[in-house]
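sequence plus the predicted model coming up.
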Amino acid sequence: MAQITLNALAHSYMPNPSGDADYAIRHMQHVWEQGGAYALLGPSGCGKSTLLNIISGLLAPSEGEVVFDDRIVNDLPPEERNIAQVFQFPVIYDTMTVFDNLAFPLRNMKVPEHKVAPKVHEVADILDLTKLLKRKAKGLSADEKQKVSMGRGLVRDDVSAILFDEPLTVIDPQLKWKLRRKLKQIHEQFNITMVYVTHDQLEASTFADKIALMYEGQIVQFGSPRELFENPAHTFVGYFIGSPGMNFIPVTLNDHGFEFAGLTLPASNALMSQVRSMGSDNIKLGIRPEFVHVWDDKNDEAYEVSVRDIEDLGTYRIMSFEFRGTVMKARLHEDQKLPSKKAWISFPEQWLKVYVNEFLVEVNDEQN
Ligand SMILES: Nc1ncnc2c1ncn2[C@@H]1O[C@H](COP(=O)(O)OP(=O)(O)OP(=O)(O)O)[C@@H](O)[C@H]1O
């Protein structure tokens with residue numbers, strides 16, 4: 001069992017990297033706690049596989065340290081790191097039986113044969129593979145093969161963490177949820193650190209207690225699915241999590257608040273002084289479609305907007321509207337009165353977030 005710490009980690013595939021863009025992993029400081037169920041979520045190319053390969057030892061990082069508990073493991077080869085890795089495509093021996101495939105890692109470690117069989121049966125039982133133990137792996141379906149792959153990671157008692165690299169890619173959609181549930185159950189039973197890589201936010205939130213959201217080689221937020229939804233730490237989190245993503249409005253700062261297309265949205269002195277102290281022109285306001293308040297009728301608190309279209313998504317509707325030249329979206333409830341050409345909206349202060357240089361600005365309480 002291990003806590004995995006990444007200390008000032010960076011990796012470039014180039015021999016002489018010159019700037020941020022040359023790095024697949026950019027200066028990363030992160031801790032995966034022992035026993036946690038984590039998802040590493042992000043779009044294609046953001047560096048997820050690179051990071052997993054660095055942790056498992058398949059790749060040596062250009063800079064920084066990988067630490068298991070208190071031990072720096074940079075110089076340890078993969079076989080000495082006690083990390084199991086499950087890849088997109090099952091890694092099994094087709095000509096062997098399921099039993100022999102599951103037994104392979106134990107026999108490789110010279111575990112005595114009388115200890116191999118009980119362990120193989122225990123893992124086969126958890127993964128519903130008992131009936132297939134005598135079958136050759138070659139004839140198995142894709143999900144059965146992937147379960148054998150996972151089982152090969154689980155048989156070893158010395159495994160400190162299991163890294164899953166998009167393990168359900170080859171699995172039929174209707175079986176995916178079953179395997180995901182199985183993984184969750186295994187996590188509870190074995191108390192193993194699990195890091196599950198995916199680019200699917202639903203997969204991430206159903207598996208993980210905490211999600212690390214990666215963007216351009218950095219973990220831009222690490223938190224519960226709810227934290228990522230309610231309080232995105234970076235504009236990319238707002239955009240990537242949720243469907244549709246967060247609305248953003250570029251603004252400038254004046255003496256009373258945030259200015260946008262001739263309108264001033266008031267802000268507290270503490271928030272304004274914090275934003276001002278950051279000295280950047282890259283200021284955005286962000287609000288999720290779910291939190292835009294759509295009023296049934298015109299009123300003094302609301303801004304008038306023009307409705308572009310309303311998309312019916314079954315139990316709710318998404319209204320696209322134009323607010324002083326910026327197109328935004330709001331979620332309408334099932335029983336909400338449908339606006340026609342015009343609508344009246346407002347932004348509840350609690351849900352209106354401020355971003356400077358793409359990162360969330362949070363005012364600490366002492367300043368309020
Ligand atoms: N062997 C390699 N040599 C050079 N560049 C690489 C290599 N592997 C990955 N990269 C680059 O590093 C960056 C991160 O890639 P990586 O595969 O880690 O991302 P990912 O998030 O896992 O993407 P995906 O979801 O598509 O697998 C990308 O720009 C990719 O092109």
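Structure's in. What do you need?

could you use CA atoms for every contact and neighbour count after this?
Will do.

the closest residue to Pro105 other than its chain neighbours and Thr97, how far apart?
Nearest residue to Pro105, sequence neighbours excluded (Cα to Cα, 6 or more residues apart in numbering): Arg152, at 6.6 Å. Distance, Arg152 to Thr97, using Cα to Cα, to the nearest Å: 13 Å.

the two - which one has more neighbours?
Legend: neighbour count by other Cα atoms under 10 Å for Arg152 and Thr97, higher for Arg152 (26 against 19).

which neighbouring elements make contact with whichever strand or helix holds that one?
Arg152 belongs to helix 142-154 when elements are defined using DSSP states H and E. Packed against helix 142-154, as judged by 3 or more Cα pairs under 8 Å, 6 or more residues apart in numbering; DSSP states H and E, are the following elements: strand 83-86, helix 98-108, helix 113-126.

change it to 6 Å
Based on contacts counted as 3 or more Cα pairs under 6 Å, 6 or more residues apart in numbering; DSSP states H and E, there is no element that helix 142-154 packs against.

next SSE after it?
For helix 142-154, the succeeding helix or strand toward the C-terminus, using DSSP H and E, is strand 161-165.

who does that next one pair up with?
Applying DSSP bridges, strand 161-165 is found paired with strand 83-86 (parallel), strand 193-198 (parallel).

for the chain, what lies in contact range of the ligand?
Tyr13, Ala24, Pro43, Ser44, Gly45, Cys46, Gly47, Lys48, Ser49, Thr50 (Cα under 6 Å from any ligand atom).

those, buried ones only, as a PyMOL selection?
To isolate the buried members of the residues of the chain next to the ligand in PyMOL, using 16 or more other Cα atoms under 10 Å:
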select buried, resi 24+46+47+48+49+50
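
got the residues of the chain next to the ligand as a markdown table, with secondary structure columns?
Below are these laid out as a markdown table (DSSP: H, G, I helix; E, B strand; the rest coil):
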| residue | secondary structure |
| --- | --- |
| Tyr13 | coil |
| Ala24 | coil |
| Pro43 | coil |
| Ser44 | coil |
| Gly45 | coil |
| Cys46 | coil |
| Gly47 | coil |
| Lys48 | helix |
| Ser49 | helix |
| Thr50 | helix |
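
close enough to count as contact, the residue nearest to Pro105 and Leu102?
Yes. Using Cα atoms under 6 Å, Arg152 makes contact with Leu102 at a distance of 5.0 Å.

let me see the ranges of the strands in the stretch 201-350 of the chain.
Under the criterion DSSP state E, counting those that start in this stretch, the stretch 201-350 of the chain contains strands at 210-215, 218-223, 247-253, 257-260, 263-266, 283-287, 293-295, 303-312, 317-323, 326-332, 342-346.

returning to that earlier point: go through the strands paired with strand 161-165 and pick out the most buried.
strand 193-198 (a mean of 25; mean count of other Cα atoms under 10 Å).

return the nearest residue of the stretch 101-250 of the chain with respect to the ligand.
Using Cα to the nearest ligand atom, the single residue of the stretch 101-250 of the chain nearest to the ligand is His199, 6.5 Å away.

got phi/psi on Val159?
Torsion angles at Val159 (phi, psi; degrees, to the nearest 10) stand at phi -70, psi 130.

same check, this time on Glu33
Phi and psi for Glu33, reported as degrees, to the nearest 10, are phi -80, psi 150.

what sits against it?
Gln3 (Cα atoms under 6 Å, 6 or more residues apart in numbering).

how close does it sit to Phe258?
To Phe258, Glu33 is 40 Å away according to Cα to Cα.

the residue nearest to Gly242 when sequence neighbours are not counted: neighbouring residues, count only.
Distance criterion Cα to Cα, 6+ apart; nearest residue to Gly242, sequence neighbours excluded, is Phe229 at 6.8 Å. The local packing of Phe229 (other Cα under 10 Å) involves 18 other residues.

tell me how far Phe229 lies from Cys46.
Using Cα to Cα, one obtains 20 Å as the distance from Phe229 to Cys46.

again with Val170
Applying Cα to Cα, the value for Val170 to Cys46 is 21 Å.

what's the answer for Lys136, then?
Distance of Lys136 to Cys46, given as Cα to Cα: 37 Å.

likewise for Asp255?
According to Cα to Cα, Asp255 and Cys46 sit 39 Å apart.

now Lys147
Lys147 is 27 Å from Cys46, by Cα to Cα.

the nearest residue to Tyr239 once chain neighbours are set aside: neighbour count?
Closest residue to Tyr239 apart from its sequence neighbours, by Cα to Cα, 6+ apart: Gly245 at 4.4 Å. As a burial measure, Gly245 scores 19 neighbours (other Cα under 10 Å).

what about this structure, any weak spots by pLDDT?
Where the chain drops to pLDDT under 70, the residues are 1, 365-368.

what's the longest helix in it?
Longest among the helix segments of the chain by residue count, using DSSP state H, is helix 173-190.

just how off-centre is that one within its chain?
17 Å (Cα atoms, centre = their mean, to the nearest Å).

between it and strand 193-198, how big is the angle?
Here helix 173-190 runs at an angle of 160 degrees relative to strand 193-198 (axes from the mean of the first three to the mean of the last three Cα atoms, to 10 degrees).

may I see the buried residues of helix 173-190?
Residues Lys176, Trp177, Leu179, Arg180, Lys182, Leu183, Lys184, Ile186, His187 are the ones in helix 173-190 that count as buried (16+ other Cα under 10 Å).

which elements pack onto that helix?
Using 3+ Cα pairs under 6 Å, 6+ apart, no helix or strand is in contact with helix 173-190.

next, the angle helix 113-126 makes with it.
130 degrees.
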